[in-house]
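Q: Here's a sequence, model it:
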Amino acid sequence: MNVLSLFDGLSCARIALKRARIKVDNYYASEIDKYSQIVSRANFPDIIRLGDINGWESWDIEQPDLIISGFPCQGFSFAGKQLNFDDPRSALFFSCVEILNHYQPKYFLLENVKMKKEYQDIISRAVGVEPIEINSALVSAQNRKRLYWTNIPGIKQPRDKGILLKDIIEDGGVCREKSQTIPATIYKENAKSMLKRRKMGLVVGSGKSLCKQIGVADLTWRKLTPLECERLQTVPDNFTNHVSNTQRYKMLGNGFTVDVIAHILKHIKK
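A: Sure thing, here's the model as predicted:
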């Protein structure tokens, strides 16, 4: 299978294809972030790298059977400023549409955040399918609701694996059963600010259960480590350990939950 991954990031889609046991003949990746590319190259040196999506008309590639894209979401997210399609990052979605229309692959899969229905409908009309909403909590220890537009048939909700935050931490105890969504800005956060806003899944060094301990002054709080964030995204341990922790946090926050993508891709074989 020839695969074209747009906004490839750290190549979560490639990991998912491997988990879905789908043979890849050529994997083409469009990505401009140099740190994501360092991680991708370290793990998948055979990927054919295409660079900036804005130069897509000059790409010389085999006809893709599958196009995957997690196009930039900053203009759509309820957590953002809701700039929608006026945000130049979100306007890159239309480059995805042009590429889909040009290649007309047998299968496509697009992912993005939950958004206002009016924006969701614009995307649905452009690609010709309605999205399915899947919460990563079914396959990981992270609550992460995302919309998936795909023409792969028969997609249903994944089976709940019952993975909890306490199952994936390196040490200590937790204050909740599931982590909240990993943001790409987690590198800017500290434990105090995250605790104040009840963000994500903070860990305490004492190892005690925190369900009844929130606010106790003598507990030592910490935020999730990059390895724990990899586990929340179902990325292999230390997959991103080729760049600084700051960059690891960023790319993991921007990435796919791998096991959700693998779940969807398995339906191709069916």
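Q: Tell me, how many residues neighbour residue 167?
A: The local packing count at residue 167 equals 12, with neighbours defined by other Cβ atoms under 10 Å. Where you see a C-beta, it was placed from the backbone N, CA and C, and this is true even at glycine.
Q: and it, what does it touch?
A: Going by Cβ atoms under 8 Å, 6 or more residues apart in numbering, residue 167 touches residue 141.
Q: From residue 135, how far off is it?
A: 17 Å (Cβ to Cβ, to the nearest Å).
Q: for residue 266, same thing?
A: In this view, residue 266 and residue 135 are 18 Å apart by Cβ to Cβ.
Q: so where do the strands sit in the stretch 1-150 of the chain?
A: Counting by DSSP state E, counting those that start in this stretch, the segments of the stretch 1-150 of the chain that form strands are 2-6, 26-30, 48-49, 66-69, 107-113, 132-135, 145-150.
Q: Select, out of those strands, the one closest to residue 248.
A: Relative to residue 248, the nearest member of the strands of the stretch 1-150 of the chain by Cβ to Cβ is strand 26-30, separated by 18.7 Å.
Q: ok, that closest one: who's next to it in the sheet?
A: Note on strand 26-30: by DSSP bridges, its sheet partners are strand 2-6 (parallel), strand 48-49 (parallel).
Q: ok, residues contacting the first one?
A: Think strand 2-6. Counting by Cβ under 8 Å, 6+ apart, 11, 13-14, 17, 24-30, 53, 61-69, 71, 95-96, 99, 103, 105 sit against strand 2-6.
Q: which of those are buried?
A: Members of those that pass the buried threshold by neighbour count (16 or more other Cβ atoms under 10 Å) are listed as 11, 13-14, 17, 24, 26-30, 53, 64-69, 71, 95-96, 99, 103, 105.
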